[in-house]
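Q: need a 3D model of the following:
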Amino acid sequence: MRFPRLLPLLAAAGLVAGATTAAMAATPSPTPGTLAKYNVSAAYTSGISSGGYMATQLHVAYSGTFKGTGIFAAGPYDCAQDNLTTALNACSGNSSSDGLAQLEQVASSRSSQGRIDPIGGLSGQKVWVYHGGNDTTVARSVTDDLASFYTHFGSSVTYDNTSQAGHSWVSPLGPNPCNSSYTPYLNNCGDDPEGRMLGTLLGGVKAPASGTPTGKMISFDQKTYVPGGATPASISMGTTGFAYVPSSCAGGASCVLMVALHGCLQSYDNASVGDKFIADTYLNEYADTNNMIVLYPQATATSYTDGNPQGCWNWWGYLNDASYDTHGGKQIETIMNMVHALGAGTGGGTPTPTPTPTPTPTPVCVTASNYAHTTAGRAYQSGGYTYAKGSNDAMGLWNAYTTHTLKQTGTDYWVLADGQC
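A: Sure thing, here's the model as predicted:
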């Protein structure tokens, strides 16, 4: 199956080569190593386009770990609803207030089901949102909905929407003109969005370092962090990830962690881009003077048949992973393992007391329509699809015509058991 609109609509960030940069800093050459545990006091996410969607997914799913986010050119949480057509249409050009209300309800429902951290954790957190006036890949209305989504849940939102940038991560080091949209999707608009973003999230920042950053850029094997011993390629992630560690953080200073996520066509594995994203986001320069570690996880391209030819992050469900934007999502959990390895978060939000054990009920099998299972509390629906409560087993469309057998194997825990009872 070919996706001819993937290139213009999911291309993650960026514009044309040839602009004069405001600064000429260079990143240190990567040093092979592993992720060590540092004195991390808080963690944040950031990203552009598909990386912006993934940054939001990480933040919403694990708001107990992440304290805020900065998003370039992306839309609200669960925008694609596990559907490529929705990703290409509603999440690029025609998002609506009715759709936003549904996404807010999905987030609330998932919170009550424990599939994401308590949604109340977003209240009061800092969120910085950026949209450029020449971005024709993600419409202004879509990014408006992202800002509105966070506002609905009580976040403190700063919406930076006066630039004439194209679809890109905008940086003083960007090689492309401000209003363009092509490889490597790093634009220079003659200003410093990173300073505004970090100032919002951190409550103020010191001026960035000039010249080559003095910390260490670590390259590491991402396979170490993929759950279940799977390979990075099996979840559309690259072999190598990167982390920039300032000397102050390596020396034991209290530091914050920023997870920075590239967009489509921006990964290290893309030969035409290479290390441009990890070098030119202008985050390493701020990291040196503000005690900030920057983690750069890497996605990678797959075949058209496998659904990710542009090396995007999984924000529309291309891995056939029903949990792709919740706890248990394959890419989400891989990144969270990296975050934990660096010393941030517990991965589970606000700790809760261990409940008193209850007897496991005798297994019960029930055959009914997806609609009946849902109304009886054995399943739930999200985005028009049905999932078994507890196991999250996918059951197909939410209607009165699709029938399945569910087996109860624990308190309020059901598994798909067609032909097994």
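Q: going forward, measure contacts between C-alpha atoms and count neighbours the same way
A: Noted.
Q: Asn337 - nearest residue in space that isn't next to it in sequence?
A: Nearest-residue entry for Asn337: Tyr225, 5.5 Å, with adjacent residues in sequence omitted and distances by C-alpha to C-alpha, 6 or more residues apart in numbering.
Q: burial count for the one you found?
A: Tyr225: 21 surrounding residues under other C-alpha atoms under 10 Å.
Q: confidence score at it?
A: Listed pLDDT for Tyr225 reads 97.
Q: residues in contact with it?
A: The neighbourhood of Tyr225, defined by C-alpha atoms under 8 Å, 6 or more residues apart in numbering, consists of 334-335, 337-338.
Q: most neighbours among those residues, please name it.
A: Among the contacts of Tyr225, Met338 has more neighbours than the rest - 24 neighbours, counting by other C-alpha under 10 Å.
Q: rewinding a little: just the contacts of Tyr225: which are in helices?
A: Per DSSP state H, helices hold the following members of the contacts of Tyr225: 334-335, 337-338.
Q: could you list the low-pLDDT ranges of the stretch 201-350 of the chain?
A: Along the stretch 201-350 of the chain, the model assigns pLDDT under 70 to residues 346-350.
Q: now do the strands in it.
A: Using DSSP state E, counting those that start in this stretch, the strands of the stretch 201-350 of the chain run over residues 216-221, 240-245, 255-261, 292-296.
Q: name the strands paired with the longest one and say parallel or antiparallel.
A: If I follow you right, that is strand 255-261. Looking at strand 255-261 with DSSP bridges, its paired strands and their directions are strand 40-48 (parallel), strand 292-296 (parallel).
Q: same thing with the first one?
A: Sheet neighbours of strand 216-221, with direction, are listed as strand 31-32 (parallel), strand 240-245 (antiparallel) (DSSP bridges).
Q: adding distance to Leu295, write these out as a markdown table.
A: Formatted as a markdown table, the entries for these read as follows, by distance: least, C-alpha to C-alpha, whole Å:
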| stretch | distance to Leu295 |
| --- | --- |
| strand 31-32 | 14 |
| strand 240-245 | 4 |
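Q: okay, domains of the chain per the record?
A: 13-341, 364-416 (automatic domain parsing).
Q: can you list the residues that contact the longest helix anywhere in the chain?
A: Longest helix in the chain, counting residues (DSSP H): helix 97-113. For helix 97-113, the surrounding residues in contact (C-alpha under 8 Å, 6+ apart) are 76-79, 116-119, 145, 149, 152, 382-383.
Q: all helices of the protein, in order?
A: Along the chain, counting by DSSP H, helices occupy 6-10, 50-61, 84-88, 97-113, 140-152, 193-202, 247-250, 276-280, 283-290, 330-341, 370-375.
Q: isn't Gly133 right up against Ser163?
A: Yes - proximity of Gly133 to Ser163 meets the contact threshold set by C-alpha atoms under 8 Å, at 6.0 Å.
Q: and of the strands paired with strand 216-221, who's closest to Cys178?
A: strand 240-245 (26.3 Å; C-alpha to C-alpha).
Q: pull the distance from the closest one to the chain's centre.
A: 17 Å (C-alpha atoms, centre = their mean, to the nearest Å).
Q: how far off helix 330-341 does that strand point, in degrees?
A: Using axes from the mean of the first three to the mean of the last three C-alpha atoms, to 10 degrees, the direction of strand 240-245 lies 30 degrees away from that of helix 330-341.
Q: mind listing what's buried along strand 240-245?
A: Taking 16 or more other C-alpha atoms under 10 Å as the neighbour-count basis, strand 240-245 is seen to contain the buried residues 240-245.
Q: any chance of those in JSON lines, plus distance to Ala301?
A: Shown next, in JSON lines, are the buried residues of strand 240-245 (distance: C-alpha to C-alpha, whole Å):
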{"residue": "Thr240", "distance to Ala301": "13"}
{"residue": "Gly241", "distance to Ala301": "15"}
{"residue": "Phe242", "distance to Ala301": "17"}
{"residue": "Ala243", "distance to Ala301": "21"}
{"residue": "Tyr244", "distance to Ala301": "24"}
{"residue": "Val245", "distance to Ala301": "27"}
